[in-house]
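**Q** Provide a 3D model corresponding to the input given below.
(one chain, ligands or ions: 2)
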Amino acid sequence: MQQVAVLGATGSIGKNTLDVIARHPERYQVFALSGHQNLALLLEQVTQFQPQVVIITSEKHFTREWQARFEQAAPQCDIQLGEQALVEVAKAPSVDIVMAAIVGAAGLKSTLAAAAAGKKLLLANKESLVIAGELMMNAVADSGATLLPIDSEHNAIFQCLPSDYAQQGFNASGIQRVLLTGSGGPFREWPLSELAAVTPQQACAHPNWEMGQKISVDSATMMNKGLEVIEACHLFALSSEQLEVVIHPQSIIHSMVSYVDGSVIAQMGQPDMRTPIAYGLSWPERIDAGVEALDFSQIAQLTFEQPDYQRYPCLQLAFAAFRAQGSAATVLNAANEVAVAAFLAAGIKFTDIAKVNEAALNSLENQFGLDIDGLIQQDHRAREFARDFIKHL
Ligand code: NDP
Ligand code: MG
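**A** Numbering: from 1, shown residues only. Ligands and ions are numbered 1, 2, ... in the order given. All right, here's what the predicted structure looks like:
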């Protein structure tokens, strides 16, 4: 029986994780759950899974009334408050598996703690690799943690690579290129001139995937693919030239690896996050994820395109930030979080997101060799810059 901590349980990935876990009560037990503001859902989850620990990170939402409800729902459950509690649970000796499913930089410290504690780390929180990729990968190597990517593309790449890839590396594995696919989002075919008028509701209506708001907007700008480029380069020790982004609007192929002999291995499946989540939970075995098999008679066509940087300037910024190394990706990620939040609050235009990101990347000094506190400081500086820049837009 493996004990699982689901950090960000009330989100899209968190809910899918609990769906898979509930199908396998003989294999997995929920040790801890965390939620931020959605206490009603967290209470339901605590009632169903009866964890040892529940963490509420937004303390101001946790009134006495809520406390009484949680205590009644699970009398044995230890209620903890605040971000530090996430870190403690991520490294708790009783925890075998940590699902890092908090959105944004808020997930950084707990994800890093799980990596440093040698856990089996199921990484959905791509931002932690973008902000602190080197520190994360070093922590994994030093502790012997098992890092399993949950992001569907990275999970796909992981499945398409040889099992000894980590020891052999790119060249000795006979790899020609890693092909990262992305749908291109809801505005792939819109006239460029209409993008400025895009509403948050339109941006959040992804054609294939149902996801949280932030990542949905990131998919529409393709900043999500940009973050994924950086994520992939860290996870699989790639240079930016060893990786190519391919637009594949149907989201059936989740990514591919092309080999020097001309073979291309692709991972396919429904656009349903329960597949990569189940793979991460059970690796190297496979378990039922509740996902239907692909019906090829229903798939009319699989198409592919090259990304157009005029339409997706954020993708180009991400490549530039990864090549610049240092704290550039940290800055880009922080500025983007501020810009997306401002767009969702109808404070800026859709096309302003890229402007905020570019200005932050060009204006903040790139710093090298920062430790985690230095990176967090740089993240704060970039947020401040972005907020100020938005005021003057
Ligand atoms: P959601 O917005 O649906 O969920 C985010 C989770 O994080 C919720 O549990 C939320 O709590 C919690 N949270 C929000 N802010 C904070 C905070 N400041 N401190 C602590 N917890 C917080 O996001 P997703 O599930 O879509 O995404 C989660 C991560 O997975 C992201 O990094 C995303 O990039 C990645 N990912 C998601 C995919 C998807 O299909 N959804 C696919 C690939 C990667 P509450 O809701 O209670 O406020
Ligand atoms: Mg993805």
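
**Q** What separation do you get for the residue in the stretch 201-350 of the chain positioned nearest to ligand 1 and I13?
**A** Per CB to the nearest ligand atom, G212 is where the stretch 201-350 of the chain lies closest to ligand 1, at 2.7 Å. Where C-beta positions appear, they are placed from N, C-alpha and C, glycine not excepted. For G212, the distance to I13 equals 8 Å [CB to CB, to the nearest Å].

**Q** do V98 as well
**A** 13 Å.

**Q** who touches I150 in this structure?
**A** Neighbouring residues of I150 by CB atoms under 8 Å, 6 or more residues apart in numbering: I13, M99, A101, L122, L123, A124, M273, P276, I277, G280.

**Q** Hmm, the second one is touching G11, no?
**A** In this case it means M99. No. The criterion here is CB atoms under 8 Å, and M99 misses it with G11 at 10.4 Å.

**Q** which bits of this protein sit near ligand 2?
**A** Residues of the chain lying close to ligand 2 (CB under 5 Å from the ion) are D151, S152, E153.

**Q** Tell me who's in contact with the first one.
**A** What it means is D151. L123, A124, K126, E228, E231, P276.

**Q** count of residues packed around the fourth one?
**A** Yep, that's E228 we're talking about. E228 has 30 neighbouring residues, counting by other CB atoms under 10 Å.

**Q** what about it, helix or strand, and which?
**A** helix 223-235 (DSSP states H and E).

**Q** That helix packs against which elements?
**A** The elements that helix 223-235 packs onto, with contact taken as 3 or more CB pairs under 8 Å, 6 or more residues apart in numbering; DSSP states H and E, are helix 126-143, strand 146-149, helix 152-160, strand 175-182, helix 213-221, strand 243-247, helix 313-324, helix 328-344.

**Q** and the last one with helix 126-143, angle?
**A** In this case it means helix 328-344. Computed by axes from the mean of the first three to the mean of the last three CA atoms, to 10 degrees, the angle separating helix 328-344 from helix 126-143 equals 150 degrees.

**Q** can you list contacts of the helix or strand following helix 328-344?
**A** Next helix or strand after helix 328-344 toward the C-terminus (DSSP H and E): helix 352-363. Contact with helix 352-363 is made by 217, 221, 223, 313-314, 317, 320-321, 328, 331-332, 334-336, 338-340, 342-343, 348, 382, 385-386, 389-390, 393, as judged by CB under 8 Å, 6+ apart.

**Q** Quick check: buried residues in helix 352-363?
**A** Neighbour counts over helix 352-363 (16 or more other CB atoms under 10 Å) mark D352, I353, A354, K355, V356, N357, E358, A359, A360, L361 as buried.

**Q** how about the residues of the stretch 151-300 of the chain near ligand 1?
**A** For the stretch 151-300 of the chain, the contact set with ligand 1 under CB under 6 Å from any ligand atom comprises D151, W209, M211, G212, K214, I215, M273.

**Q** And the furthest pair within these?
**A** Using CB to CB, these span at most 15.1 Å, a distance reached by K214 and M273.

**Q** Those two: who's more crowded?
**A** Neighbours were counted for K214 and for M273 using other CB under 10 Å; M273 has more, 26 against 20.

**Q** ok, so what distance separates that one from I131?
**A** 22 Å.

**Q** go on, I56?
**A** 24 Å.

**Q** Between these two, tell me which one has more neighbours.
**A** I131 (30 against 23).

**Q** what's the closest residue to the more buried one other than its chain neighbours in contact with, if anything?
**A** Sequence neighbours aside, T330 is the residue nearest to I131 in space, at 4.8 Å (criterion: CB to CB, 6 or more residues apart in numbering). For T330, the contact set (CB under 8 Å, 6+ apart) comprises V130, I131, A132, L370, L375, Q378, D379, A382.

**Q** Please identify the helix or strand for D19.
**A** helix 12-22.

**Q** Neighbours of K349, how many?
**A** By other CB under 10 Å, neighbour count at K349 equals 15.

**Q** quick one: it and A196 touch, right?
**A** Yes. Using CB under 8 Å, K349 is in contact with A196, at 5.0 Å.

**Q** and the closest residue to ligand 2 within the stretch 1-150 of the chain, how many neighbours does it have?
**A** Nearest residue of the stretch 1-150 of the chain to ligand 2: K126, at 7.5 Å (CB to the ion). Counted with other CB under 10 Å, the neighbours of K126 add up to 29.
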